[in-house]
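Asks: model this:
(one chain, ligands or ions: 1)
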Amino acid sequence: MGKFNIALDGPAGAGKSTVARLVAKELDFVYVDTGAMYRAITWKILSEGIPLSDTEKIAQTAARTHIVIKPGPLGQTVELDGTDVTERIRSTEINQHVSHVAAIPRVREVLVHLQKQMASSKGVVMDGRDIGTSVLPDAEVKVYLTASARRRAERRFQELTEPGMTLEELERDIERRDQLDRERKVSPLRQAEDAILLDSTDMSLEQVVHAVLDLCRMKTEWR
Ligand code: DC
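Replies: Okay, here's the model as predicted:
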């Protein structure tokens, strides 16, 4: 079987990373979480005390940052300039600021270039917001995974290790991020014309994974 690429896009909390990881495992493909790359840059900006309004400095910082994504115990390990930042990039502080950093065109240029390189040999399941529309427009399989904001908040709530936010606060945070991601000028979150829409509001994780694998069978030679 020849290798192919899968682009998996959708709003925050739709379950993309879990689905992408399981699909990649089933196919023996590489999973690339592009959100983690935007998170890593955001972590560096915040830890260096660069003001979020200084887009020039942020763009320069992104251009000289070395990000490596590799398989690890949590699915993948994210290294930034040689430091493992896998867990640090999941903080509430990063959640609050990452959409602003991801909206800066030159940050996107740097990361999109890297993402295209990562997928150039095929055999990649890449999740994000603009994979089917801009990073891998020629991906053989494209999925747009969504669910209601309430359902996505409920799933995030169940994953919380310490009760820092109520369900209502989580839902508002999710809606705020959706809005920022959809309304930004460069590569906003939207469904590619040739992507298949999967609404997972009333689907189990297994059902979603099966649906993506069925799509792979339909669109490629994989059996
Ligand atoms: O998937 P996530 O929640 O880890 O993504 C973090 C942020 O990065 C989110 O606000 C949207 C942004 N992002 C993006 O703009 N483009 C991508 N390909 C992936 C994520």
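
Asks: Show which residues not belonging to stretch 128-140 make contact with it.
Replies: 4-11, 16, 33-35, 102, 108, 112, 115-116, 119, 126, 142-144, 181, 187-192, 194-195, 219-220 (Cβ atoms under 8 Å, 6 or more residues apart in numbering). (Each C-beta comes from the backbone N, C-alpha and C, glycine too.)

Asks: in the helix or strand hosting E206, what counts as buried?
Replies: Element membership of E206 [criterion: DSSP states H and E] is helix 205-219. Neighbour-count burial for helix 205-219 flags V208, V209, A211, V212, L213, L215, C216, K219 (criterion: 16 or more other Cβ atoms under 10 Å).

Asks: quick one: stretch 38-49 near the ligand?
Replies: Yes - counting by Cβ under 6 Å from any ligand atom, contacts between stretch 38-49 and the ligand involve Y38, R39.

Asks: Sort the buried residues of helix 205-219 by pLDDT and name the bottom one.
Replies: Ranked by pLDDT, these bottom out at K219 (94).

Asks: Excluding covalently adjacent residues, which one is nearest to it?
Replies: V141 (5.1 Å; Cβ to Cβ, 6 or more residues apart in numbering).

Asks: For that neighbour, give me the pLDDT.
Replies: Reported pLDDT for V141: 98.

Asks: residues from this structure in reach of the ligand?
Replies: 12, 34-35, 38-39, 98-99, 102, 128-130, 177, 181.

Asks: Done for today, thanks.
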